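> Just to be clear, the model below is a prediction. Sequence and coordinates:
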Amino acid sequence: MKAKPFLFGLAAGIVGGTIAVLFSTPQSGQQLRANLRSNAVSTKDKLLDVKQQADSVKQSVNSLTTEIKNNIPLIINDLKQTITTFTEEIEPSKNNLQQEIDALQNSISEIEKNVAQFTERKQKTQEKLSN
């Protein structure tokens, strides 16, 4: 949302509301002028306050934007470095696990071979006994 149209609309609403209230109440000319002056001063003060708050918000947004622009690349670089370090640290464990997996697969192959030989011997023994 743009600040200028909002502030313009707010100011127009305040001024319009003030004028409507002043002219709808029965007053003498002197009272009306005094009320107009006090309301004008009050309206100026309120508009100045709104402007200061808008400037403060704008300044905060600019500060946040600058901080984000400066910190995002640092965070990304830190994250990349952490990932690289983690990858380097787990590499030896990864290699050890791969060697253990290979050894287990070899053991399984030997066990399967031994079971097959045992089964063959058992069948040959049973055939000899049946003959």
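Structure received. Please read all numbers here as calculations on a predicted model, not as lab measurements.

> so how far is residue 10 from residue 91?
Distance, residue 91 to residue 10, using CB to CB, to the nearest Å: 63 Å. For the C-beta atoms, the positions are set from N, CA and C on the backbone; glycine is no exception.

> same question but for residue 2, I mixed them up
13 Å.

> Which elements pack onto whichever helix in the chain runs longest?
For the chain, the helix with the greatest residue count under DSSP state H is helix 29-130. Applying 3 or more CB pairs under 8 Å, 6 or more residues apart in numbering; DSSP states H and E, we find helix 29-130 packed against helix 3-24.

> Compare residue 2 and residue 10 (neighbour count), which wins?
residue 10 (14 against 7; other CB atoms under 10 Å).

> give me every residue that touches the closest residue to that one other than its chain neighbours.
Nearest residue to residue 10, sequence neighbours excluded (CB to CB, 6 or more residues apart in numbering): residue 50, at 6.3 Å. Applying CB atoms under 8 Å, 6 or more residues apart in numbering to residue 50 gives the contacts 7, 10-11.

> Lovely, talk soon.
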